[in-house]
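>>> Give me the fold of what follows.
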Amino acid sequence: MGKITVETCEIEGLKIITPTVFGDARGYFMETYNYNDLKAAGIPEVFVQDNQSASKKGVLRGLHFQKHFPQDKLVRVIRGEVYDVAVDLREGSKTFGQWYGVLLSEENKKQFFIPKNFAHGFLVLSDYAEFCYKCTDFYHPDDEGGIAYNTPDIGVEWPIPEGMELTLSEKDTKWGTLEQYMKEKEHEKKCENQ
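This next block holds a predicted model:
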C-alpha cells in the first residue's frame with residue numbers, strides 16, 4: 001500500500017507526486033507521506049516542519065525563498081485548487097530563472113516537490129483553499145527573500161481569470177525583479193569577502 005507515481009519536470013529536481021488512492025462507497029484512503037517511497041523515487045530529504053495556510057480566491061502568495069537557510073518543500077492542497085509555481089534560483093543551473101507551474105487540488109491530490117534554492121508561490125483559483133507543505137529546514141523570519149510574482153525577467157504565466165482581483169500581502173507588493181535580487185546577492189558576497 002502507499003505506492004506513488006512520480007513525474008519529472010522540464011526543470012531538473014522538480015517532481016510531481018501522485019499518490020495511490022483507495023476508494024469505495026465509504027470514501028477514500030491514501031498515504032500522504034512515506035519516506036521509503038519518496039527515497040526510492042529519488043527524494044531522500046528529511047522534513048522537519050509542516051505548515052498549513054488557508055486563503056480565499058485571488059490570493060497570490062510569493063515568490064518566496066530562504067536566502068541562507070534554503071528549504072526543500074513538498075506541497076499539496078487539501079481543500080480547493082491552486083496554481084503552484086517554482087522558479088529555479090540555483091546558481092550555475094542551466095534552467096536558472098525559469099519557472100514551472102502545476103495545478104494542485106483536493107481532487108487530483110497531486111503533490112509538488114520543490115528543491116532548495118527555488119522561489120515558490122501559488123495563486124488560489126477556488127473560492128477557498130487549504131495548502132499544506134513540508135519543509136526540510138525551519139523557517140527563519142529574518143532570512144526570507146522574494147521576487148515579484150509578475151517580474152518580466154521570469155515571466156510566470158499565472159492563470160488569472162478575467163475579472164479576478166488579486167490579493168497580495170504588503171511584503172509581496174514590494175519584492176523586486178530577479179535581476180535586482182541577483183545584484184543584491186552579488187553585493188552581499190562582495191561585502192562578505194572584504
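>>> When you work out contacts or count neighbours from here on, use the C-alpha atoms and nothing else.
Will do.
>>> For the lowest-mean-pLDDT helix or strand in the chain, which outside residues touch it?
One helix or strand of the chain scores below all others by mean pLDDT, DSSP states H and E: helix 178-192, with a mean of 86. Helix 178-192 is contacted from outside by 97, 147-148, 151, 153-154, using Cα atoms under 8 Å, 6 or more residues apart in numbering.
>>> Now do the buried residues in that helix.
Applying a neighbour-count criterion of 16 or more other Cα atoms under 10 Å, the buried positions in helix 178-192 are residue 178.
>>> So which residues of this protein form helices?
Taking DSSP state H to define them, one finds helices in the chain at 35-40, 178-192.
>>> Distance from the longest one to the middle of the chain?
Read it as helix 178-192. Computed by Cα atoms, centre = their mean, to the nearest Å, the chain-centroid distance of helix 178-192 equals 23 Å.
>>> what's the answer for the shortest one, then?
Here helix 35-40 is found 20 Å from its chain centre; the criterion is Cα atoms, centre = their mean.
>>> Show me what that helix is in contact with.
Residues contacting helix 35-40 (Cα under 8 Å, 6+ apart): 2-4, 44-46.
>>> Go through these and flag which are in strands.
Using DSSP state E, the members of these that fall within strands are residue 4.
>>> tell me which residues in stretch 160-172 are buried?
Within stretch 160-172, the residues scored as buried using 16+ other Cα under 10 Å are 167, 172.
>>> so how far does that stretch reach from one end to the other?
Criterion Cα to Cα, to the nearest Å; first-to-last residue distance in stretch 160-172 is 17 Å.
>>> Can I get stretch 97-110 in CSV? Just the C-alpha atoms.
This file holds the C-alpha atoms of stretch 97-110, laid out as CSV (Å, rounded to 0.1, in the frame of the first residue of the first chain):
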residue,chain,number,x,y,z
GLY,A,97,15.4,31.9,-13.8
GLN,A,98,13.0,29.5,-15.5
TRP,A,99,9.7,28.6,-13.9
TYR,A,100,7.3,25.7,-13.8
GLY,A,101,3.7,25.6,-12.7
VAL,A,102,1.3,22.9,-11.7
LEU,A,103,-2.4,22.7,-10.7
LEU,A,104,-2.8,21.2,-7.3
SER,A,105,-6.2,20.4,-5.9
GLU,A,106,-8.2,18.3,-3.4
GLU,A,107,-9.5,16.4,-6.4
ASN,A,108,-6.2,15.5,-8.2
LYS,A,109,-4.4,15.0,-4.8
LYS,A,110,-1.0,15.8,-6.5
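>>> any idea how far residue 46 is from residue 97?
In terms of Cα to Cα, residue 97 sits 26 Å off from residue 46.
>>> Please say which of those two ends up with more neighbours.
residue 97 (19 against 13; other Cα atoms under 10 Å).
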